[in-house]
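Peer 1: sequence plus the predicted model coming up.
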Amino acid sequence: MSPEEQEVFLRGLTKMIRKLQEQGEIPISQMCVTCRFFRPNAYPGSDRPHHCAFVDAPFGDRDLRLECPDHVPVQN
């Protein structure tokens, strides 16, 4: 797959995993999208639109993690 296809695939996979987690179908993993440090689309229109407040750095879809050792779950 091309880098662009990999990025789209990872974004879709992350959304699918998150939806299954919300439905209680699979256990919560330590993904960026479930972390209190994740700031989605903090820089719209950029190739690195998201921000990680833990490391204070922007990052793109291809850098989304499915398992991060620094993950802190969002408190509801």
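Peer 2: That came in fine, so what should we check first? Residues are numbered from 1 along each chain as shown.
Peer 1: show me the shaky parts of the chain.
Peer 2: 76 (pLDDT under 70).
Peer 1: could you pull out the strands for it?
Peer 2: Assigned strands in the chain, in chain order: 38-39, 50-52, 57-59 (criterion: DSSP state E).
Peer 1: mind checking those for the one nearest to residue 30?
Peer 2: strand 38-39 (11.1 Å; C-beta to C-beta). To be clear about C-beta, it is placed using only N, CA and C from the backbone, and glycine gets the same treatment.
Peer 1: helices or strands up against that closest one?
Peer 2: Judged by 3 or more C-beta pairs under 8 Å, 6 or more residues apart in numbering; DSSP states H and E, the packing partners of strand 38-39 are strand 50-52.
Peer 1: which residues sit against the strand it packs on?
Peer 2: Where contact means C-beta atoms under 8 Å, 6 or more residues apart in numbering, the residues beyond strand 50-52 that reach it are 32, 37-43, 57-61, 64.
Peer 1: next, the buried residues of that strand.
Peer 2: Residues of strand 50-52 classed as buried by neighbour count (16 or more other C-beta atoms under 10 Å): 50-52.
Peer 1: pairing partners for it, with directions?
Peer 2: The sheet places strand 50-52 alongside strand 38-39 (antiparallel), strand 57-59 (antiparallel), with pairing taken from DSSP bridges.
Peer 1: winner for burial among those?
Peer 2: Burial among the strands paired with strand 50-52, expressed as mean neighbours by mean count of other C-beta atoms under 10 Å, is greatest for strand 38-39, which shows a mean of 18.
Peer 1: need the residues that contact it.
Peer 2: By C-beta under 8 Å, 6+ apart, the list of residues contacting strand 38-39 from outside reads 32, 50-53.
Peer 1: circling back to that earlier point, could you dump the buried residues of strand 50-52 into JSON lines with distance to residue 68 added?
Peer 2: Supplementary listing: the buried residues of strand 50-52 in JSON lines, determined by distance: C-beta to C-beta, whole Å:
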{"residue": "50", "distance to residue 68": "13"}
{"residue": "51", "distance to residue 68": "14"}
{"residue": "52", "distance to residue 68": "9"}
